[in-house]
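Asks: this is the structure alone, sequence omitted:
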């Protein structure tokens with residue numbers, strides 16, 4: 001009997017609007033306050049950890065602090081239980097940073113492992129061919145493969161039905177298809193989804209999802225009117241916030257907006273000028289007889305108390321010129 005702890009899509013060197021130091025702090029907090037303690041409290045002899053791939057995201061560079069974090073983390077986990085890392089589409093070079101560690105196995109070719117005499121597991125990396133799915137007579141299959149977008153999707157799903165359960169690490173979003181479970185990242189990266197890892201108990205053929213309730217979520221908030229500025233304080237707790245603000249609100253609420261941004265952990269702030277967008281929609285059908293409407297809009301901008309009216313006026317004129325072409 002054994003348990004298999006399944007994690008995927010860690011994307012340790014993910015490039016975000018957050019600083020690399022801030023993102024690293026997020027990962028550090030999750031792994032050392034939830035994932036590693038969970039392992040230490042639940043691991044028994046013959047248990048293993050399988051990483052379904054995409055250890056790193058698509059890049060040829062990695063921050064030195066992130067590199068050290070990965071090596072320290074996996075060295076600690078490998079002292080708790082054996083680790084098998086399936087090569088994902090982003091991992092052809094990145095997994096070299098862990099290749100010399102004891103108790104860490106890098107799976108670059110279709111492989112079958114045996115924990116006990118009656119328990120065998122197929123590990124299929126991203127370079128797996130469709131015919132490779134037939135080569136193993138295992139109870140469970142762990143793979144990294146874009147089967148949903150394959151023109152042979154139905155064939156692949158049919159081939160995988162011979163396994164009791166299959167776990168795929170190709171996609172970043174959790175989901176299920178027949179006996180296949182797609183496991184995304186253990187923490188949110190840019191949207192609110194239920195994230196975490198899976199524990200498979202092979203002796204009962206049951207698995208459970210252990211949800212991540214510690215890491216920040218990423219929320220996008222649109223502020224279109226003054227009342228939208230009254231964001232509940234709990235929204236900012238353990239969340240990374242992106243704001244999209246109507247520029248017209250800056251006229252009377254500049255100080256309040258600046259205080260909002262300075263007091264909280266705001267990932268990104270963007271501005272939308274809905275008046276200009278509205279004018280643009282009206283201009284699409286303008287003809288020579290509607291010249292007076294253009295003049296009215298220009299007059300409106302000139303009389304506006306906005307500090308940015310010169311730039312807004314120029315933007316409007318550019319829109320008019322574009323629609324003449």
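Replies: Noted; the coordinates are in hand. As the structure is a computational prediction, the values presented were derived from the model and not from experiment. Residues are numbered from 1 along each chain as shown.
Asks: helices along the stretch 201-325 of the chain, start to end?
Replies: 250-263, 274-283, 291-303, 309-324 (DSSP state H, counting those that start in this stretch).
Asks: worst average pLDDT in those helices?
Replies: Of all the helices of the stretch 201-325 of the chain, the segment with the smallest mean pLDDT is helix 274-283, scoring a mean of 51.
Asks: walk me through the domains of this protein.
Replies: 3-211, 217-324 (automatic domain parsing).
Asks: among those domains, which is the most enclosed?
Replies: Across these, the average number of neighbours (mean count of other Cβ atoms under 10 Å) peaks for domain 3-211, which reaches a mean of 17. To be clear about C-beta, it is placed using only N, CA and C from the backbone, and glycine gets the same treatment.
Asks: which of the domains of the chain has the lowest mean pLDDT?
Replies: domain 217-324 (a mean of 70).
Asks: now the helices for the stretch 51-200 of the chain?
Replies: 64-78, 153-160.
Asks: quick check: which of those is nearest to residue 222?
Replies: helix 64-78 (32.4 Å; Cβ to Cβ).
Asks: middle-most residue in this structure, spatially?
Replies: In the chain, the residue lying closest to the centroid (Cα atoms, centre = their mean) is residue 189, at 3.5 Å.
Asks: list the contacts of the nearest residue to residue 202 once chain neighbours are set aside.
Replies: Using Cβ to Cβ, 6 or more residues apart in numbering and skipping residues adjacent in sequence, the residue nearest residue 202 is residue 2, 5.4 Å away. For residue 2, the contact set (Cβ atoms under 8 Å, 6 or more residues apart in numbering) comprises 44, 46, 47, 48, 115, 116, 119, 202, 203.
Asks: please tell me how far residue 2 sits from residue 231.
Replies: Here residue 2 is placed at a distance of 47 Å from residue 231 (Cβ to Cβ, to the nearest Å).
Asks: now residue 166
Replies: 42 Å.
Asks: again with residue 80
Replies: As judged by Cβ to Cβ, residue 80 and residue 231 stand 41 Å apart.
Asks: and if you look at residue 64?
Replies: From residue 64 to residue 231 the distance is 37 Å (Cβ to Cβ).
Asks: equivalent analysis for residue 140, please.
Replies: To residue 231, residue 140 is 45 Å away according to Cβ to Cβ.
Asks: residue contacts, the closest residue to residue 61 other than its chain neighbours?
Replies: Spatial nearest neighbour of residue 61, excluding adjacent residues (Cβ to Cβ, 6+ apart): residue 13 at 7.6 Å. Applying Cβ under 8 Å, 6+ apart, we find residue 13 in contact with 56, 57, 59, 61, 62, 63, 66, 94.
Asks: and for residue 257?
Replies: Residue 257 touches 229, 245, 249, 250, counting by Cβ under 8 Å, 6+ apart.
Asks: what do you get for residue 137?
Replies: Contacts of residue 137 by Cβ under 8 Å, 6+ apart are residue 120.
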